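J.: Fold the stuff below for me.
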Amino acid sequence: MVKLLSVRLSHLLLLFCLLFTASSNAALLFSQDPLTAPSPVASGPISTAGFKLIDNFSLSSDVELTQIDFWTFESIDPLFQTRSNVFDIAIYQDNGNLLVGAPIWSAVVSVFNNEITKVLDPITQLFSHSLSLATPQSLASGNYYFQVAAASNNTIDGSPGPIGALPVGWQSANGVPGAPPALLLSGNQIIPQVPAANMAFSLTGNVVQTIPVPSTLWLMVMVLLSGLFYRGSTKQLYH
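T.: Numbering: from 1, shown residues only. As a prediction, the model looks like this:
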């Protein structure tokens, strides 16, 4: 009887988890669309392996992050080239000061390895990049920073270059620049930039929802538990 009761109680707990903590379908969690006019456009600041550009974002609910999108531009000017081939991307907790700890999530992804997409818009001459996370990343409600930077082999062909990585041109976002600001990360130090600008990126995932338990359902649970204990006590009485 004890074993049977334990199994049934474990089934009840599993049912609670399925009923009362659920994730919604994939939804847009945060978005700052790229600046696309006038065309062609290339207005964003650069982000290199040594100085990593970040922008802050906020979440009002607990989420499971499943997809990251952002936009870049490329320059072939021999005096100032940018490439969008190998990225060092990360998410940091916003600690409310000008210092960050280790990334909550990070990845180095390459276009050449098909780890992230690179699609050219022929009108705006911007590249859109989309990364699907193999494992959803849980993020609690709160404030964060998102980073797009050049990995050490962000070159024309992905091999180490003679002068190191080329910068990434992360595209600016539509809207009034400066709220929230784009910030430059050097080591763990955040350095506000002037003039500041919002950066173009979006986050997609599932909102984690906790469903309140109706009183009638609690009553059903109590009746079921009472029935289990009653059956156990009856068997002990007649044996």
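
J.: for stretch 86-104, the distance to its chain's centre please.
T.: Chain-centre distance of stretch 86-104: 12 Å, with C-alpha atoms, centre = their mean, to the nearest Å.

J.: I'd like the average pLDDT over it.
T.: For stretch 86-104, the mean per-residue pLDDT is 95.

J.: again with stretch 147-158
T.: Averaging pLDDT along stretch 147-158 gives 92.

J.: give me the element residue 116 is part of.
T.: Secondary structure assignment for residue 116, by DSSP states H and E: no helix or strand.

J.: pretty sure it is in contact with residue 128, am I right?
T.: No - using C-beta atoms under 8 Å, residue 116 makes no contact with residue 128, being 10.4 Å away. C-betas here are computed from N, CA, C, even on glycine.

J.: which of the two has more neighbours?
T.: Using other C-beta atoms under 10 Å, the more surrounded residue of residue 116 and residue 128 is residue 116, with 22 against 18.

J.: residues in contact with residue 127?
T.: Listed by C-beta atoms under 8 Å, 6 or more residues apart in numbering, the contact set of residue 127 reads 71-74, 84, 118-121.

J.: Now do the contacts for residue 153.
T.: The neighbourhood of residue 153, defined by C-beta under 8 Å, 6+ apart, consists of 86, 110, 159-161, 165.

J.: For the chain, give me the ranges with low pLDDT.
T.: Applying pLDDT under 70 to the chain flags residues 1-24, 161-163, 176-181, 210-239.

J.: This completes my enquiry, with thanks.
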